[in-house]
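S.K.: Sequence and predicted structure, then a few things I'm wondering about:
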Amino acid sequence: MSTAHHYKPNVRDTLFNLFEFLEIQKTSLGKAPFGDIDEATVRQTIDTMIPVCTGIMSEAFTEGDRIPLDFNPKTGAVTMPPLMQKAFASYFETGMHLLDLPSHLGGLGAPPTLAWGSFEFVIGANPAAAFSFLGNVLARIIDTMATEEQKKRFVGPMLEKHWGGSMVLTEPDAGSDVGAARAKAKLVKDDLWHIEGVKRFITNGDIGEVVENTIHLVLARPEGAGPGTKGLSMFIVPKFLVNADGSLGERNGVYCTNLEKKMGLKASATCEMTFGDSKPAVGWLVGNVHDGMRQMFHVIEHARMAVGLKSMATLSTAYLNALSYVKERKQGADLKSARDKNAPRVTVIHHPEVRRMLMMQKSHAEGMRALILFNASLQDQVELLGGHKAPEAAEPNALNDLILPLIKGYCSEKVYDLLSLSLQCYGGSGYLQDYPAEQYIRDQKIDSLYEGTTAIQALDLLMRKVAKDGGATLQGLMGRISQTLETNEGGDELKAERASLGEALGHLQAGLGSLMEKLGDSVYHVGLQGNRVLYSLAEVTIGWLLVRHAAVAVQKVKTATGPDVAFYEGKIASARFFCAEVLPQTGFAMQQVQKSSLAIMELSEEAF
């Protein structure tokens, strides 16, 4: 097995989610505001993407890890390895960038379900390359928030010339405390400002000559603005100044001044960016309004969904690679014949512990994909009902907001644990660079750190998403789960799985109730127990979706032929395994929440 073509997509499960479970051909495709896309077009589009993702994107994944980015400190330029440059170009040459662009910007207008479902193949094949396509996302955001003059200046060239993009929040001394940012903005005139300061950990702050320009969306504090996040504004700061007609002007005063040396994801340029040092860094105030944090949250929420998708996609290909290995590698006799020295050697997949590790990976990968695409279907509904501000879209919009920290927080944390099982399936060979498992682990670890650590996701879930409507949206989600239990979805064949789901839901509700009571004593209880609640809510929600998937499979397998028989049997097996092996842990976790103590918060620092 070679790492050169490491990527193994699970197209069949993606299509099952889109067309057999969510049925987007009935709910979303061809409906305004989405483009005129039908099921056949979707399947053809995915068929076109897969050879690129398993080809050049996959090849560049390994080279990007082995050949370092080149940084010129004199010019601040970063140069990608050759195959990474080809991977970047292939995304645009094959038209993949057009999929989720709205029709009025020249795109196909795909609904979020299709956009996220297909982007899994890109980000699973090469996450470093996938994040270099942020310019497309920023162009859409500028198109919705900027002044007409700003749109004319930036949006067209960004899309037509495939400019790069970065989101610029973090500072050396502030870290996740965005409100402590010290970067300054000085008014020049109208919507023009000069930006001064240093930002750190900026993904693709510079990707060199692979693009002719990079657009930075920057948070900075205007002179005289108040403290905290409310005092921050968002600015469009291009690497090269952009004239009113969209043509390039002179070099702007923003430079990459350092390139971080990292554990993994090495082909993604993580930059220190300095603004206004040697010359003014000119920025345009987005929309000419001071509403930076709210505006930036549109980028942040997209990034958090993408990070959760990255983790899931990594687990999926890691599992499929491990599965391929254990089906080929012979090691030892069957456990039942272990004492028979003449017993034939069997492939590794025959061994019970290996099968347990495989099912742990399979059920979680499928469950996380179900969670992400279910949330994408909520985003479909929001658009179909008039957008985020439409009163009719309030319910799916709120549920989308509630699930986002589960996608970012749970997937990023759990996948890091599960990737160790992927590597374990290889035995000692998994520790070698001959196989992709070790790079998957190094490249994935960042997911629980950037775009808000897991603890920050838990606080966002409980202190913002649950608290803002008194738990109504959370109760709505639990109501959906209860409905599955009450309607006996899946019939007698899934009776045990529904019982396990119901028991876990009861434990979760009791734990949440206890935590809300303890919150009156001290907010520290939320800080101490937030991750447990986030994990348990994610697992109960995933268990619910897997049971519903299995209910579809129970019916489909009756008339299935060929490979579909094993596929549907596998869907049922995933639900059964998850409900039997994972959901029972909810009870213990919620017992810990109910017993929450402040003892470690009262411990002196010297005692640690």
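M.R.: Right, received. Where do you want to start? Numbering: from 1, shown residues only.
S.K.: tell me the average confidence for the longest helix seen in the chain?
M.R.: If you go by DSSP state H, the chain has its longest helix at helix 292-328. In this model, helix 292-328 has a mean pLDDT of 97.
S.K.: Which segments of this protein make up each domain?
M.R.: Following the assignment in automatic domain parsing, the chain carries domains at 11-142, 147-290, 469-608.
S.K.: could you dump those domains to CSV with mean neighbour count?
M.R.: The way it works is simple: take the backbone N, C-alpha and C, and place the C-beta from them, glycine included. Listed next are the domains of the chain as CSV, based on neighbours: other C-beta atoms under 10 Å:
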stretch, mean neighbour count
domain 11-142, 20
domain 147-290, 19
domain 469-608, 17
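S.K.: Tell me which of those domains lies nearest to Ala394.
M.R.: Set against Ala394 and scored by C-beta to C-beta, the domains of the chain come closest in domain 469-608, at 9.6 Å.
S.K.: same question for that closest one, mean pLDDT?
M.R.: pLDDT averaged over domain 469-608 gives 97.
S.K.: For that domain, measure first residue to last.
M.R.: 38 Å (C-alpha to C-alpha, to the nearest Å).
S.K.: if we can go back for a sec, off-centre distance for the longest helix of the chain?
M.R.: 4 Å (C-alpha atoms, centre = their mean, to the nearest Å).
S.K.: Can you list the buried residues in the helix or strand immediately after it in the chain?
M.R.: From helix 292-328 onward toward the C-terminus, using DSSP states H and E, the following helix or strand is strand 330-333. For strand 330-333, a neighbour-count test (16 or more other C-beta atoms under 10 Å) marks Ala333 as buried.
S.K.: Mind listing residues that contact strand 330-333?
M.R.: Residues outside strand 330-333 that contact it (C-beta atoms under 8 Å, 6 or more residues apart in numbering) are Ala338, Asp340, Ala343, Pro344, Arg345, Val346, Thr347, Val348, His351, Gly427.
S.K.: any idea of the pLDDT on the nearest residue to Leu385 once chain neighbours are set aside?
M.R.: Excluding the flanking residues, the one nearest Leu385 by C-beta to C-beta, 6 or more residues apart in numbering is Ala393, at 3.8 Å. Note on Ala393: pLDDT of 98.
S.K.: Would you mind listing the residues in contact with Ala393?
M.R.: Contacts of Ala393 by C-beta under 8 Å, 6+ apart are Gln381, Val382, Leu385, Gly386, Gly387.
S.K.: which ones among these are found in helices?
M.R.: Short answer: these in helices (DSSP H) are Gln381, Val382.
S.K.: ok, of the contacts of Ala393, which one's closest to Trp163?
M.R.: Checking the contacts of Ala393 against Trp163 by C-beta to C-beta gives Gly387 as the nearest, at 25.8 Å.
S.K.: separation between the closest residue to the closest one other than its chain neighbours and Gly470?
M.R.: Spatially, and ignoring its direct neighbours in sequence, Gly387 is nearest to Ala393 (6.4 Å; C-beta to C-beta, 6+ apart). Distance of Ala393 to Gly470, computed by C-beta to C-beta, to the nearest Å: 20 Å.
S.K.: can you check Gly452 too?
M.R.: Gly452 is 24 Å from Gly470, by C-beta to C-beta.
S.K.: what sits against the closest residue to Arg329 other than its chain neighbours?
M.R.: Spatially, and ignoring its direct neighbours in sequence, Arg329 is nearest to Val348 (4.9 Å; C-beta to C-beta, 6+ apart). Counting by C-beta under 8 Å, 6+ apart, Val348 touches Tyr325, Val326, Lys327, Arg329, Lys330, Gln331, Val354, Cys425, Gly427.
S.K.: Angles on the backbone of Val348, please.
M.R.: phi -60, psi -30 (degrees, to the nearest 10).
S.K.: Ok, Ile67 next?
M.R.: phi -100, psi 120.
S.K.: Please list all residues in contact with it.
M.R.: Contacts of Ile67 (C-beta under 8 Å, 6+ apart): Pro81.
S.K.: Kindly report the same for Val547.
M.R.: Thr484, Glu489, Gly490, Leu494, Glu497, Arg498, Leu501, Ala575, Cys579.
S.K.: Point out the ones among these that are inside strands.
M.R.: Per DSSP state E, strands hold no members of the contacts of Val547.
S.K.: nearest to Leu432, of the domains of the chain?
M.R.: domain 11-142 (13.0 Å).
S.K.: roughly how far is the closest one from the heart of the chain?
M.R.: 13 Å.
S.K.: In the longest helix of the chain, which residues are buried?
M.R.: Result for helix 292-328 [16+ other C-beta under 10 Å]: buried residues 292-293, 295-296, 298-323, 325-326.
S.K.: Mind checking what helix or strand follows the longest strand anywhere in the chain in sequence?
M.R.: Longest strand in the chain, counting residues (DSSP E): strand 192-203. Sequence-wise, the next helix or strand downstream of strand 192-203 (DSSP H and E) is strand 214-222.
S.K.: which helices and strands sit right next to the helix or strand following that next one?
M.R.: Downstream of strand 214-222, the next assigned helix or strand under DSSP H and E is strand 233-238. Contact analysis of strand 233-238 by 3 or more C-beta pairs under 8 Å, 6 or more residues apart in numbering; DSSP states H and E lists helix 148-160, strand 192-203, strand 214-222, strand 281-285, helix 292-328 as its packing neighbours.
S.K.: contacting residues around strand 233-238?
M.R.: Contacts for strand 233-238 (C-beta under 8 Å, 6+ apart): 142, 146, 150, 154, 168, 185, 193, 195, 213-222, 225, 252, 254, 275, 281-286, 290-292, 295-296.
S.K.: where along the stretch 401-550 of the chain do the strands fall?
M.R.: Per DSSP state E, counting those that start in this stretch, the stretch 401-550 of the chain carries no strands over any range.
S.K.: out of everything not next to it in sequence, what's closest to Lys445?
M.R.: Lys445 sits nearest to Tyr416 (C-beta to C-beta, 6+ apart), 5.9 Å away.
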